[in-house]
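*Asks:* fold the following and give me the result.
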Amino acid sequence: MAGHTHFDESTEEYLEAIYRLDREGPGVTTSGLAADLHVAPASVSGMLKKLASDGYLAYRARGEARLTERGLSVAVRVMRRHRLAECFLSTVLGMPWDEIHEEACRLEHAISARVEDRLVAILGDPKYCPHGLPIPSADLTEPPRIDRKLADVEAGRSIRIIDVAEDVPEMLRYLDEIGVRPGSVVEVAVRAPLGGPLTIVSGGGRHAISLELARFISVADAEPSLRTA
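*Replies:* Next up is the predicted model:
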């Protein structure tokens with residue numbers, strides 16, 4: 001979209017965050033949005049009221065925000081372009097997966113509909129970003145949701161990694177080092193008691209995964225993946 005203003009980008013950032021937290025996180029709250037966007041809760045409350053008055057969402061004070069059809073269309077567009085940009089940066093430019101999220105955050109607001117169409121064509125219409133997260137469909141179709149986390153897997157089970165949080169570079173670098181990527185199969189060998197770390201077997205070795213980190217990793221049973229790039 002040409003002629004972006006600072007408010008336009010701020011609006012897109014909020015709607016994108018609401019969309020992501022509603023579908024991939026713990027739900028949308030003022031405090032959660034404030035933490036995600038690194039702004040004060042008072043600023044979030046004011047912006048949510050503004051977005052509600054503009055017809056982008058339904059919002060009650062101290063309650064959850066829900067995107068309207070208008071808000072959903074904007075959020076899906078921004079998220080779609082963000083993850084297409086991640087695919088481009090990774091596949092075409094060869095950037096490591098721990099760097100592409102931040103760069104895509106800069107690009108997502110500048111990508112036009114025409115550039116989006118070219119990205120889809122060049123990349124082969126990918127359905128998932130390099131972190132395994134779904135690229136929303138332009139027709140607003142609800143993407144699949146994976147709620148099972150590595151932190152919930154009992155010892156002795158083998159599971160397939162589905163996706164990982166895209167915005168924590170240190171975590172991504174560590175997971176890359178130990179061979180934990182979307183599509184890989186790992187075994188949970190040991191669950192330490194009292195909230196201790198998990199020991200997983202991956203890449204031919206045993207590695208420690210804290211429960212906190214394991215909550216950022218979505219998994220499914222270790223069966224052949226139906227996902228295609």
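*Asks:* burial of residue 33, as a residue count?
*Replies:* Neighbourhood size, residue 33 [other Cβ atoms under 10 Å]: 21. (C-beta placed from N, C-alpha, C; glycine too.)
*Asks:* element containing it, please.
*Replies:* helix 30-37 (DSSP states H and E).
*Asks:* now that helix: buried residues?
*Replies:* 30, 32-34, 36-37 (16 or more other Cβ atoms under 10 Å).
*Asks:* residues making contact with it?
*Replies:* Outside helix 30-37, the residues that touch it by Cβ atoms under 8 Å, 6 or more residues apart in numbering are 13-14, 17-18, 20-21, 25-26, 40-41, 43-45, 48, 62, 65.
*Asks:* point out the least confident member of these, please.
*Replies:* Here the lowest pLDDT out of the contacts of helix 30-37 sits on residue 62, with 64.
*Asks:* tell me which residues in stretch 52-59 are buried?
*Replies:* Applying 16+ other Cβ under 10 Å to stretch 52-59 flags 52, 56-57, 59 as buried.
*Asks:* residue 119: which of those is nearest?
*Replies:* Closest approach to residue 119 among the buried residues of stretch 52-59 (Cβ to Cβ): residue 56, at 25.2 Å.
*Asks:* quick one: pLDDT of that closest one?
*Replies:* If you check residue 56, the pLDDT there is 95.
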